[in-house]
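Student: The following block contains a protein sequence and its predicted model.
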Amino acid sequence: QVTLIESGGRLVQTGDSLRLSCAASGRTFNMNTMGWFRQAPGKEREFVAIIAWINGITSYADSMKGRFTISRDNAKSTVYLQMDSLKPEDTAVYYCAASRSTWSSNPDYFDYWGQGTQVTVSS
């Protein structure tokens, strides 16, 4: 079992930067891929970025490239999402997720989820 706890979400203004954190605990040695997803009101859950836990390879949704950066600190079992040049359309609940075995942007393949952290970008 892996427990994920997100933090860092808050109200910001257009153009601001924000860093989200996801602290993992439990059987973290089982993790293959960590990811960030987001869900805005009335919309489907959307892929943001993933990172391979061992070698740090990353992948991003096209709309996030250049503005968002995913990283990890293995010693702290923590994954980060640095978000720059935030826009009102980035407003959503951001979820951290972990997969034991899959390199995928499909949320269905992730085994563990955090409870989410709210990011609100005002115009």
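Tutor: Happy to help now that I have it. As the structure is a computational prediction, the values presented were derived from the model and not from experiment.

Student: Please tell me how far Thr120 sits from Ile50.
Tutor: 24 Å (CB to CB, to the nearest Å). Quick note: C-beta positions are derived from backbone N, CA and C, even for glycine.

Student: More neighbours: these two, which one.
Tutor: Legend: neighbour count by other CB atoms under 10 Å for Thr120 and Ile50, higher for Ile50 (25 against 15).

Student: A strand includes that one, no?
Tutor: Yes. Counting by DSSP: H, G, I helix; E, B strand; the rest coil, Ile50 is part of a strand.

Student: Which residue would you name as the spatial centre of the chain?
Tutor: Taking CA atoms, centre = their mean, the centroid of the chain lies closest to Trp36, which sits 2.2 Å from it.

Student: who's it bridged to?
Tutor: Ala49, Cys96 (DSSP bridges).

Student: State the distance from it to Ser123.
Tutor: 23 Å.

Student: Show me where this structure has its helices.
Tutor: With DSSP state H, there are no helices along the chain.

Student: Spit out the contact partners of the nearest residue to Gln115 once chain neighbours are set aside.
Tutor: Among residues not flanking Gln115 along the chain, Glu6 sits closest, at 7.0 Å (CB to CB, 6 or more residues apart in numbering). Counting by CB atoms under 8 Å, 6 or more residues apart in numbering, Glu6 makes contact with Leu20, Ser21, Cys22, Tyr94, Tyr95, Cys96, Gly114, Gln115, Gly116, Thr117.

Student: so the last one touches Leu11, yeah?
Tutor: No. Contact between Thr117 and Leu11 fails when scored by CB atoms under 8 Å: they sit 12.0 Å apart.

Student: Could you check which of those two is surrounded by more residues?
Tutor: Thr117 (22 against 12).
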